[in-house]
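Asker: Sequence plus predicted model, see below.
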Amino acid sequence: MLDPLTLDQLRILAVVADTGSFSAAARQLGRVQSAISQSMRTLETALGTAIFDRAGKIPTLNDAGRVILADARRLIEGAGALKARAESINSDIEPELTLAVDAIFPVEVLAGSLKDLARQFPDLPVTLYTEGLSDAEQRLRDGTARLALYVPFGEVADNRDMEYLVRIPTVAVVAADHPLAAIEGPLGRDVLEREVQLVLTDRTSIADGLSGGIISHRKWRFADLTTRLEFLLAGFGWCRRMPTHMVREHIASGRLKVLDLKEQSGPDLAIHIVYVRGRPPGRAGRWLIDHLRKELQDCVGCGEEMVESV
């Protein structure tokens, strides 16, 4: 059986409440007053309760009507969102954008770009996962993310497509009051291996077997970069590959010192956009990627220049 309750009735109810009378609602909607009155009676019948007080000359909402009006407005808004979602899908805009982003990604660039994305696509729902080592890849594997931005480790699965996004420079650093900071470089393994090294650990099995440039005999492992940075600043140990954009202000202020190592840390961290083959970014995802490329140039380039001047 068809439900006699219609969206049109709810919209008329909202207009009646906004204009203050059936006649004013009829004029705004371009209908006759009798049609408005009949629609409201049909709504009351469908709901099984009176929502207007008709004792006076002009029908007014009763207590039940005021509560139902609030629910009606939410349903009208939801219907509008549903229609906008369908229009977005027809325009090649993702019904929802789910991102898994490696924690080394510059957060200020990410936040600014997502803010601009929200202005460009106001009806697009966005879910963001900020992840540690290999966790972004795991989000892609289990289907909770459509796009992942991270540094691929090892071989990439055959059903993945990748696009290079940006190279994140890294630097070896230690707290200014740490014993290593007082030693003139270049520093070799014989010196470094005696001190505690702060390293990242993987919470998944994806990056099993990767040493991550470990030199020291004593290691403190961390699951996230932010916590490792706090322990680094507190002087608990040294880091071989800290993303430059995370430490440049601390280096400039003198809280951290760049270490001169005999062994170079290897190539910078190359972040890629990764997605399942056959499910490339839609129009919103592609807009975000292009926006990130532009914004990243200033952030990352500034970091490289700063380290070279230290």
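Answerer: It's in.

Asker: Please identify the buried residues of stretch 112-125?
Answerer: Going by neighbour count (16 or more other Cβ atoms under 10 Å), the buried part of stretch 112-125 is Ser113, Leu114, Leu117, Phe121, Leu124. For glycine as for every other residue, the C-beta is placed from the backbone atoms N, C-alpha and C.

Asker: Report the contact partners of the last one.
Answerer: Contact criterion Cβ atoms under 8 Å, 6 or more residues apart in numbering gives Ser88, Ile93, Glu94, Glu96, Leu97, Leu117, Ala118, Ala284 as the residues in contact with Leu124.

Asker: Now do the closest residue to Thr45 other than its chain neighbours against Ile36, distance only.
Answerer: Nearest non-adjacent residue to Thr45, counting by Cβ to Cβ, 6 or more residues apart in numbering: Pro4, 7.0 Å away. From Pro4 over to Ile36 the distance is 17 Å, taken as Cβ to Cβ, to the nearest Å.

Asker: Skip ahead from the host helix or strand of Ala64 and say which helix or strand is next.
Answerer: Assigned by DSSP states H and E, Ala64 belongs to helix 63-90. Remark: after helix 63-90, the chain's next helix or strand is strand 97-102, criterion DSSP H and E.

Asker: Isn't Pro4 up against Arg41?
Answerer: No: contact criterion Cβ atoms under 8 Å: Pro4 and Arg41 do not qualify, at 11.4 Å.

Asker: Buried ones from the contacts of Leu124, can you make that a ChimeraX selection?
Answerer: Filtering the contacts of Leu124 down to the buried ones (16+ other Cβ under 10 Å) takes a single ChimeraX command:
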select :88,93,94,97,117,284
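
Asker: Out of the contacts of Leu124, the closest to Lys257 would be?
Answerer: Leu117 (37.9 Å; Cβ to Cβ).

Asker: Where do the strands of the stretch 101-250 of the chain begin and end?
Answerer: Under the criterion DSSP state E, counting those that start in this stretch, the stretch 101-250 of the chain contains strands at 126-131, 147-150, 160-168, 170-175, 197-200, 219-222, 238-243.

Asker: Can you list the strands that the fourth one pairs with?
Answerer: Strand pairing for strand 170-175, determined by DSSP bridges: strand 238-243 (antiparallel), strand 256-258 (antiparallel).

Asker: Which helix or strand in the protein has the lowest average pLDDT?
Answerer: helix 283-309 (a mean of 71; mean pLDDT, DSSP states H and E).

Asker: got a list of what Arg146 touches?
Answerer: Glu94, Glu96, Leu97, Thr98, Leu99, Tyr275, Val276, Arg279, Pro281, Gly285.

Asker: State the distance from it to Glu295.
Answerer: 21 Å.

Asker: If we go by neighbour counts, what in stretch 34-51 is buried?
Answerer: Ile36, Ser37, Ser39, Met40, Leu43, Glu44, Ile51.

Asker: got the contact list for the first one?
Answerer: This points to Ile36. Ile12, Val16, Phe22, Ala25, Ala26, Leu29.

Asker: ok so it is a helix residue?
Answerer: Yes: under DSSP: H, G, I helix; E, B strand; the rest coil, Ile36 falls within a helix.

Asker: pLDDT score assigned to it?
Answerer: pLDDT for Ile36: 91.

Asker: Give the bridge partners for the residue nearest to Leu110 when sequence neighbours are not counted, please.
Answerer: Nearest residue to Leu110, sequence neighbours excluded (Cβ to Cβ, 6+ apart): Val101, at 6.3 Å. Under DSSP bridges, the beta-bridge partners of Val101 are Thr130, Leu149.

Asker: Report how many residues lie close to Val101.
Answerer: 23 (other Cβ atoms under 10 Å).

Asker: cool, the one 3 residues further on as well?
Answerer: Neighbour count for Ile104, taken as other Cβ under 10 Å: 23.

Asker: contacting residues around it?
Answerer: Val151, Ile168, Leu225, Pro243, Met246, Leu269, Ile271.

Asker: Just the closest of the residues you listed to Leu198, please.
Answerer: Leu225 (10.2 Å).

Asker: quick one: the closest residue to that closest one other than its chain neighbours from Val274, how far?
Answerer: Leaving aside its chain neighbours, Leu225 sits nearest to Ala103 (4.8 Å; criterion: Cβ to Cβ, 6+ apart). Note on Ala103: its distance to Val274, by Cβ to Cβ, is 16 Å.
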